[in-house]
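*Asks:* With the input below, show me the fold.
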Amino acid sequence: MDTKAFVKQIKARNRASNAYVFVSVMSGVGTTLLTVLLVHLLFAGELTRERIWQIGAGITVLQISKAVFNAVGIRQAHRAAYKSLTDLRLGIIGHLKKLPLGFFQKRMAGDLANIVSHDVEQIEVYLAHTQPEIIATTLAAAVIAALMLVVDWRLALCLLVPVAVSLMLLALLFKLWGGLLARYNRATKEMAENLMEYTATIPMLKAFSKSERKGDALIAYIKSYVKAMRRMILGVSAPQGVVTTVLQSGVFLVILCGIYLLPGGSLSVTRFILCLVLSVAFAAAMLKYMSYEHAGILLDRSAGNIMSVMGEEAVGEPGCAVLENGDIVFENVSFGYDGRECVLKNVSVTFRKGETAAIVGASGSGKSTMANLIMGFWKADSGRVAIGGKSVADAGEKDLTKIISIVQQESFLFNTSIADNIAIGRQGASREDIAEAAKRACIHDMISGLPDGYDTVVGEGGAKLSGGEKQCVAIARVMLKNAPVIILDEATASVDPESEHLIQEAITNMSRGKTLIVIAHRLSAIRGADQIIVMDGGGVTASGKHETLIENCPLYAEMSAAQEAVDTWEIRSESDHGEGV
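*Replies:* As a prediction, this is how the structure comes out:
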């Protein structure tokens, strides 16, 4: 679906409201006509008490009808607006979950948050407030213009000529407004992105004394946003003042023309009064309509931003190949991020079912990329990644997540209780299941020692827990899920020795009878693996057990020697250096 079709679909959601608004507008026009009729009868000397009661009753009924249908129409508009707001936000979030990781590397979190919040909010504002007003004013103006033509076509032309001029001016202004709104949207997006980045990195900025400089940069973006907003307001309001003046000149022309025609007898006083009342009402309706004209541009911009997400092709849609646990096979796989230089080059390797395999190599050699391809986060540019003989590229997201779990270097925890964070691993898990998973993850004792136990809220991103505790909670989550394939991507890289020991013990408990793929820099942690795959420059240099690789793979032997040197390294004072001279 393109943006135009999406905008059309949005506008169609207010059909029920539009019908009620139509009845409300017609009731308002009927009130005006009855009022003019009352004035005509007064001037003609034909106004009787009976007619006063009849016309008064008609006006009362029409006013009640106008109020009731207007209220129902507004209610329907708000119902459609808030339903659309909910559906759109849930739809965007659901679609984001299906998009490849490459999309999130191209788009900043602040930009996406701005779309989900601000742009969807603009859709709600349009449906709840703007569209009903546009429909009401357009209908009112059209009906009044038609009545003017019936009453006196000459005065109607006097009223409509300035409208034609105003519409031509608006057509020229649309390009100006489009540019101003584009700059405003860009400034809003940049401010949101940088505000989110600043708040997320405040600890690092304080540690390196960069907060002032980054704060100045953020203030510059905020000033740019304010400047863009002022330009937009000025660019919209100033030309609109000119258009308003031109439009209101129609009423002045009707008065001049009427005064010219009255002495000749070709225009009665009653018709002149009716045309004068109608022209004032017409001008008011058109002015209100034109005040909402820029809202259409805002709607198009917001719809375009939403479609920039919803229009992205999802990967691993349900209903494709059904995966079963088995060997994980890379067959001549090559891959590069967003068409750039290949990170993996013609990789062929097999992770056998039920065994522990490790992937080692220098940073940037393609270790984590292999994990991403197994998880289906990316699709291989060439070759095939298969699980149990079926291609990962053809598998649905649910199938992949059902048989694969991953613990990354920095696990994310939600700002809720420890129990809720562990329970993410399996829907409907009981408190006993959660506690058992925590015991196997070697974190039950720590949780039990907290004042609120499993009900302890961990803070945003798990801020109230240490790095090792967060990893153990993540491992407990994986244990509760009980998937047959587990990937550990540098799971112990940033924790202290005591936490590392607990995590390794938890991993041992977790990996029994499962396919375990470990990505690690510390070779001491993977020496007992059934298979060690050595990566270099995006390709597989060698594979085998630790002893075999030490003898036959110079790169692995060099890495092992470097690891030993790191393990025995210690800080020495200047006197220690002097003694060794």
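*Asks:* who's in contact with the closest residue in space to residue 257 that isn't next to it in sequence?
*Replies:* Among residues not flanking residue 257 along the chain, residue 158 sits closest, at 4.7 Å (CB to CB, 6 or more residues apart in numbering). Where C-beta positions appear, they are placed from N, C-alpha and C, glycine not excepted. Applying CB atoms under 8 Å, 6 or more residues apart in numbering, we find residue 158 in contact with 250, 253-254, 256-257.
*Asks:* Only whichever of those are buried, select them in PyMOL.
*Replies:* Burial among those is assessed by 16 or more other CB atoms under 10 Å; the matching PyMOL selection reads:
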select buried, resi 250+253+254+257
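*Asks:* re the thing from before, could you say which helix or strand contains the residue nearest to residue 257?
*Replies:* Assigned by DSSP states H and E, residue 158 falls within helix 153-200.
*Asks:* can you tell me which residues contact the residue positioned nearest the centre of the chain?
*Replies:* In the chain, the residue lying closest to the centroid (CA atoms, centre = their mean) is residue 116, at 3.5 Å. By CB under 8 Å, 6+ apart, the contact set of residue 116 is 89, 92-93.
*Asks:* Make sure I have this right: it is in a helix.
*Replies:* Yes. Counting by DSSP: H, G, I helix; E, B strand; the rest coil, residue 116 is part of a helix.
*Asks:* Which strands and helices lie in contact with the longest helix anywhere in the chain?
*Replies:* Longest helix in the chain by number of residues (criterion: DSSP state H): helix 211-261. On a contact count with 3 or more CB pairs under 8 Å, 6 or more residues apart in numbering; DSSP states H and E, helix 211-261 meets helix 153-200, helix 202-207, helix 269-291.
*Asks:* returning to what we had before: report the buried members of the contacts of residue 116.
*Replies:* By 16+ other CB under 10 Å, these give 89, 92 as buried.
*Asks:* In helices, which of the contacts of residue 116 fall?
*Replies:* If you go by DSSP H, the contacts of residue 116 have 89, 92-93 in helices.
*Asks:* JSON lines please, covering these and showing pLDDT and distance to residue 539.
*Replies:* Output for the ones in helices among the contacts of residue 116, formatted as JSON lines (pLDDT from 0 to 100; distance: CB to CB, whole Å):
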{"residue": "89", "pLDDT": "90", "distance to residue 539": "44"}
{"residue": "92", "pLDDT": "90", "distance to residue 539": "39"}
{"residue": "93", "pLDDT": "89", "distance to residue 539": "38"}
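*Asks:* Now residue 536: phi and psi?
*Replies:* Residue 536 adopts backbone torsions of phi -150, psi 120, taken as degrees, to the nearest 10.
*Asks:* how far away is it from residue 193?
*Replies:* Distance, residue 536 to residue 193, by CB to CB, to the nearest Å: 37 Å.
*Asks:* can you check residue 48 too?
*Replies:* Distance from residue 48 to residue 193, by CB to CB: 72 Å.
*Asks:* ok, those two, which is more surrounded?
*Replies:* Neighbour totals were compared for residue 48 and residue 193, and residue 193 leads with 19 against 9 (other CB atoms under 10 Å).
*Asks:* give me every residue that touches that one.
*Replies:* Residues near residue 193 by CB under 8 Å, 6+ apart: 108-111, 114.
*Asks:* Buried residues in stretch 107-117, which are they?
*Replies:* For stretch 107-117, by 16+ other CB under 10 Å, it's 107-108, 110-112, 114-116.
*Asks:* Strands along this protein, start to end?
*Replies:* Taking DSSP state E as the test, the strands found in the chain are 328-335, 344-351, 356-361, 382-387, 390-391, 404-407, 485-489, 515-519, 531-536, 539-544.
*Asks:* With mean pLDDT and distance to residue 369 as added columns, please give those strands in JSON lines.
*Replies:* JSON lines is the format used below for the strands of the chain (pLDDT from 0 to 100; distance: least, CB to CB, whole Å):
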{"stretch": "strand 328-335", "mean pLDDT": "91", "distance to residue 369": "6"}
{"stretch": "strand 344-351", "mean pLDDT": "90", "distance to residue 369": "6"}
{"stretch": "strand 356-361", "mean pLDDT": "88", "distance to residue 369": "10"}
{"stretch": "strand 382-387", "mean pLDDT": "90", "distance to residue 369": "11"}
{"stretch": "strand 390-391", "mean pLDDT": "85", "distance to residue 369": "17"}
{"stretch": "strand 404-407", "mean pLDDT": "85", "distance to residue 369": "14"}
{"stretch": "strand 485-489", "mean pLDDT": "86", "distance to residue 369": "11"}
{"stretch": "strand 515-519", "mean pLDDT": "88", "distance to residue 369": "10"}
{"stretch": "strand 531-536", "mean pLDDT": "90", "distance to residue 369": "9"}
{"stretch": "strand 539-544", "mean pLDDT": "90", "distance to residue 369": "12"}
